[in-house]
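[1] need a 3D model of the sequence below.
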Amino acid sequence: MAHQIVVHVWSDIACPWCWIGKQRLEKGIELSGKDVAVEYHSYQLYPDASSSEDRSYAQALADIKNANIDDVVPMIEQVAEVASAEGLELNWQNAKHVGTFLAHQFVYAAKAHGNTAEEAAELGGKAFERLYRAHFSEGRNVGDTDTLLELAEDIGLDVERVSAELESGEHANSVRSDIRDARSLGIQGVPFFVVGGKFGISGAQPPQVYADTINRALAEIQYARAQEVPVEIPEITSDDGGVDRP
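    Okay, the predicted model is just below:
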């Protein structure tokens with residue numbers, strides 16, 4: 001089905017609020033009653049993180065914030081409670097703090113399986129969802145190639161093709177381009193949503209916020225299109241058989 005509007009989303013797999021925001025956006029789309037295409041873009045919160053990190057997520061976050069781990073744990077638990085209310089499971093004890101650059105390339109490998117722009121966008125969203133679950137719920141290393149190939153099989157991708165693309169770095173520049181675009185837009189944190197090219201939404205907002213913004217953006221787009229249509233004044237036949245213009 002053709003979409004009426006596009007929402008562009010910048011996210012990182014290492015960001016729990018991005019996963020929460022994804023769920024809330026999907027609820028907001030349902031509330032809006034509109035046909036919405038969602039295009040996911042790459043962002044890295046921790047670009048220097050290793051692909052084989054040994055630290056726990058809590059310890060890594062404490063180190064990043066230059067804080068004591070005992071001060072970080074309550075923050076993490078609070079986020080886990082918010083996620084749980086959205087039906088998401090965050091197992092902080094098992095989550096691994098790893099670099100996500102390869103995982104973002106995996107998302108683009110998934111997109112490449114789409115035959116149309118809409119199919120590509122849907123596969124990108126599907127890949128992000130699987131990565132979030134693997135990272136936060138299952139405690140798997142999403143910076144590891146073998147893990148990513150297992151996830152590729154899970155979501156029905158051609159594993160050999162994905163393997164070749166990850167090995168060659170075919171999609172690395174697409175990831176870098178997304179990150180550059182984020183900077184040019186002034187995005188300093190994720191999740192970040194650009195709705196119909198009209199409005200930006202920062203953070204994981206309530207579903208109604210997304211629904212209202214989608215409808216508002218669509219109304220503006222439709223109004224702009226209507227203004228572009230030339231007005232044709234109809235001819236009116238007069239009583240004497242002639243043709244008048246009003």
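
[2] which residue ranges of this structure form strands?
    5-11, 36-42, 192-195, 199-202, 236-237, 243-244 (DSSP state E).

[3] for the third one, packing partners?
    Read it as strand 192-195. On a contact count with 3 or more Cβ pairs under 8 Å, 6 or more residues apart in numbering; DSSP states H and E, strand 192-195 meets strand 5-11, strand 199-202, helix 207-228. (C-beta placed from N, C-alpha, C; glycine too.)

[4] can you say which of the ones you listed is packed in most?
    Of all these, strand 5-11 has the most neighbours on average by mean count of other Cβ atoms under 10 Å, namely a mean of 22.

[5] so what strands line up beside that strand?
    strand 36-42 (parallel), strand 192-195 (antiparallel) (DSSP bridges).

[6] can you give me the helices for the protein?
    16-32, 57-65, 69-85, 101-111, 117-132, 145-154, 159-168, 172-184, 207-228 (DSSP state H).

[7] which one of the ones you listed lies nearest to Pro191?
    Nearest to Pro191, of all those, is helix 16-32, at 3.8 Å by Cβ to Cβ.

[8] list the buried residues in the closest one.
    16-29, 31-32 (16 or more other Cβ atoms under 10 Å).

[9] worst-scoring helix or strand of this protein, pLDDT-wise?
    Sorting the helices and strands of the chain by mean pLDDT, DSSP states H and E puts strand 243-244 at the bottom, at a mean of 36.

[10] need the strands of the chain in a markdown table with distance to Gln105, can you?
    Listed next are the strands of the chain as a markdown table, based on distance: least, Cβ to Cβ, whole Å:
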| stretch | distance to Gln105 |
| --- | --- |
| strand 5-11 | 14 |
| strand 36-42 | 8 |
| strand 192-195 | 20 |
| strand 199-202 | 25 |
| strand 236-237 | 63 |
| strand 243-244 | 65 |
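
[11] ok, which of these comes nearest Val72?
    Comparing those by Cβ to Cβ, strand 5-11 comes nearest, at 22.0 Å.

[12] that closest one versus helix 16-32: what angle between them?
    If you take axes from the mean of the first three to the mean of the last three Cα atoms, to 10 degrees, strand 5-11 sits at 170 degrees to helix 16-32.

[13] before we move on, back to that, so which of the buried residues of helix 16-32 is the closest to Arg176?
    When these are compared against Arg176 (criterion: Cβ to Cβ), the nearest one is Cys18, at 18.8 Å.

[14] gap between the residue nearest to Leu31 when sequence neighbours are not counted and Val195?
    Once flanking residues are discounted, Leu31 sits nearest to Ala211: 3.8 Å by Cβ to Cβ, 6 or more residues apart in numbering. In this view, Ala211 and Val195 are 11 Å apart by Cβ to Cβ, to the nearest Å.

[15] just Leu151 next, same as before
    Leu151 is 29 Å from Val195, by Cβ to Cβ.

[16] can you check Ala219 too?
    12 Å.

[17] wait, what's in contact with Lys65?
    Val72 (Cβ atoms under 8 Å, 6 or more residues apart in numbering).

[18] how about Asn115?
    No contacts exist for Asn115 under Cβ under 8 Å, 6+ apart.

[19] ok, the one 10 residues further on next?
    By Cβ under 8 Å, 6+ apart, the contact list for Gly125 reads Lys22, Val38, Tyr40.

[20] now with 6 Å, please.
    Val38, Tyr40 (Cβ atoms under 6 Å, 6 or more residues apart in numbering).
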